[in-house]
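**Student:** this is a predicted model, with the sequence first.
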Amino acid sequence: MHHFAYRDGRLFAEDVDLTALADAVGTPFYVYSEATLRRHYRVFADAFTGADALVAYSVKANSNIAVLKVLQSEGAGADVVSGGELARALKAGIAPNRIVFSGVGKTRDEIAAAIDAGILQFNVESAPELHVIDAIAREKNKRAPIALRVNPDVAAGGHEKISTGKKEDKFGVSWNQARDLYREARKMAGIAVQGVDIHIGSQIDNLAPFEAAFQKVAALIGDLRADGCAIDTLDLGGGLGIPYGEGAIPPHPDDYAALIKRVTAPLNVKLIFEPGRMIAGNAGILLSRVVYAKEGEARRFLIIDAAMNDLVRPAMYDAYHDIWPVAENAGEKISYDIVGPVCESSDRFAKDRALAPLQEGDLVAIMSAGAYGAVQASQYNTRPLIPEVLVNGDQYAIIRRRPSFEEMTAHETAPDWLR
Ligand code: LLP
């Protein structure tokens, strides 16, 4: 459930009229609902009431500092995958001992920064990475707390580009090498082995792959303990899907939690979760204005002022996003291709989408754009990164403003020989 709804035919974000907001901010821009962020966080966290669980919000989904502050105030930790995300999480006030660091390519600088910060856990994805963490920690006379991210070889995820738990994927330590690597890790003076980590994919719309992977991991914990290895934390990653308006309705967090409680109850571990999309996805929309309504020979186009550089999901993953008119319109629906101005055929948000007639100047909302939207934007075609706006009741704040052309090009210099 989210807080974007019509009132007398006009779309609101909480108590903010989006038509007025578009005039004030200038399209295109992202709008996030604070009440929705909080609600989604609580639904997830409350599903684990009674369990020893940390919800480490996956910062990559939406890393705006204001969004992180909202979640921090709810008690969220953070799952980060870069030095930049670590710095964001700390800047938002998330305590280091609630931060886990994932990712296959952590650099030496990033590892050092995370050790200095005193994070809760490194989710280690390979033997070479483990050796580097060990060496850096020893130089600092510290022991880095780690879990190995194990790859369970389970297929999951809405699209091949977001599946991560198959043995062909680059992620995690192979299942058959995990036990040996744990044995090695326990001998390292710079490493404190504390847990196991797994993450199988994203936009997962049924419980079966979770169950398969979590059962495997529970058995692994038994084996590791039999080897004399203490395992205190179990990080089950993220991946729970959200409704996008089409396709399967993903499981409710309560059902996901019931499965996890059943599988992990005998293990007596602290649980860590890394949900991203589930918290931020339906808490955001992308607001855009129709630039032209174009009658092609074969198709009818709505050319809007947002483009693939602002929200790449349809172009990159063939993702479906609902598109709502900001002013409701009783006209008979027509079929549109809704496209952006960028010079690529893949710059298309929807094909053959039935919408009530729209014309130049009308506003549309691309729904479910709060996760993997602004964070994946680029300045392709020298289009500025678009503003992000946070709504809270009847108030709003611009939490990232649109840069000027001078700001966009400030880091570029022509070499002397071109002066
Ligand atoms: N933990 C790890 C280690 C991850 O790699 C991810 C997502 C998450 C947690 C959060 O997963 P979530 O709960 O959001 O599903 N850009 C793609 C999704 C990429 C997901 C990458 N990893 C998209 O727009 O669909």
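**Tutor:** In hand now; what should we look at?

**Student:** the bottom helix or strand of this protein by mean pLDDT?
**Tutor:** Lowest mean confidence among the helices and strands of the chain (mean pLDDT, DSSP states H and E): strand 173-174, at a mean of 94.

**Student:** how far away from the center of its chain is that one?
**Tutor:** Its chain's C-alpha centre and that of strand 173-174 lie 23 Å apart, by CA atoms, centre = their mean, to the nearest Å.

**Student:** buried residues, whichever helix or strand comes after it. List them.
**Tutor:** The helix or strand immediately downstream of strand 173-174 is helix 175-186, counting by DSSP states H and E. In terms of neighbour count (16 or more other CB atoms under 10 Å), helix 175-186 has its buried residues at W175, A178, R179, L181, Y182, E184, A185. For the C-beta atoms, the positions are set from N, CA and C on the backbone; glycine is no exception.

**Student:** show me which of those residues is closest to A137.
**Tutor:** Among these, A185 lies closest to A137 (CB to CB), at 11.7 Å.

**Student:** that closest one contacts A144, correct?
**Tutor:** No. A185 is beyond contact range of A144, at 10.3 Å (criterion: CB atoms under 8 Å).

**Student:** shared neighbours, these two?
**Tutor:** With contacts taken as CB atoms under 8 Å, 6 or more residues apart in numbering, A185 and A144 have D134, I191 as neighbours in common.

**Student:** could you check the pLDDT of the residue of the stretch 301-419 of the chain found nearest the ligand?
**Tutor:** When scored by CB to the nearest ligand atom, the stretch 301-419 of the chain has Y372 as its residue closest to the ligand, at 3.1 Å. Looking at Y372, its pLDDT is 98.

**Student:** what of the one 10 residues further on?
**Tutor:** Confidence at T382, expressed as pLDDT, is 98.

**Student:** likewise G158?
**Tutor:** 58.

**Student:** so which of the buried residues of helix 175-186 is the closest to A298?
**Tutor:** The closest of the buried residues of helix 175-186 to A298 turns out to be W175 (CB to CB; 50.1 Å).

**Student:** I figured the closest one was touching P152, is that so?
**Tutor:** Yes. W175 is in contact with P152 according to CB under 8 Å; the separation is 6.2 Å.

**Student:** give me the common contacts of the two.
**Tutor:** Any residue near both W175 and P152 by CB under 8 Å, 6+ apart counts here, and that gives K216.

**Student:** check which helix or strand P275 maps to.
**Tutor:** Per DSSP H and E: P275 is located in neither a helix nor a strand.

**Student:** likewise the one 3 residues further on?
**Tutor:** Using DSSP H and E, M278 falls within helix 277-280.

**Student:** same check, this time on A156
**Tutor:** A156 is part of no helix or strand when elements are defined by DSSP H and E.

**Student:** where does pLDDT dip in the chain?
**Tutor:** Along the chain, the model assigns pLDDT under 70 to residues 157-165.

**Student:** center of it - which residue?
**Tutor:** The centroid of the chain falls nearest to A61 when counting by CA atoms, centre = their mean (1.9 Å).

**Student:** what's the distance between it and the ligand?
**Tutor:** Distance, A61 to the ligand, by CB to the nearest ligand atom, to the nearest Å: 5 Å.

**Student:** ok, that residue touching I279?
**Tutor:** Yes. Between A61 and I279 there is a contact under CB under 8 Å: 7.1 Å.

**Student:** list the residues that contact both of these two?
**Tutor:** Shared contacts of A61 and I279, defined by CB under 8 Å, 6+ apart, comprise A371.

**Student:** my read is that H3 contacts Y32, right?
**Tutor:** No. Using CB under 8 Å, H3 makes no contact with Y32, being 10.2 Å away.

**Student:** the more surrounded of those two?
**Tutor:** A count of neighbours by other CB atoms under 10 Å puts Y32 above the other of H3 and Y32, at 27 against 19.

**Student:** how many other residues sit next to whichever residue of the stretch 1-150 of the chain sits closest to the ligand?
**Tutor:** Per CB to the nearest ligand atom, S58 is where the stretch 1-150 of the chain lies closest to the ligand, at 3.6 Å. Residues lying near S58 (other CB under 10 Å) number 29.

**Student:** same thing with L385?
**Tutor:** Neighbours around L385, by other CB under 10 Å: 17.

**Student:** can you check E139 too?
**Tutor:** E139 has 11 nearby residues by other CB under 10 Å.

**Student:** before we move on, what about I115?
**Tutor:** The number of residues packed near I115 is 21, by other CB under 10 Å.

**Student:** quick one: the residue of the stretch 301-419 of the chain closest to the ligand and E184, what's the gap?
**Tutor:** Applying CB to CB, to the nearest Å, the value for Y372 to E184 is 35 Å.

**Student:** same check on L390?
**Tutor:** In this structure, L390 and E184 are 46 Å apart, going by CB to CB.
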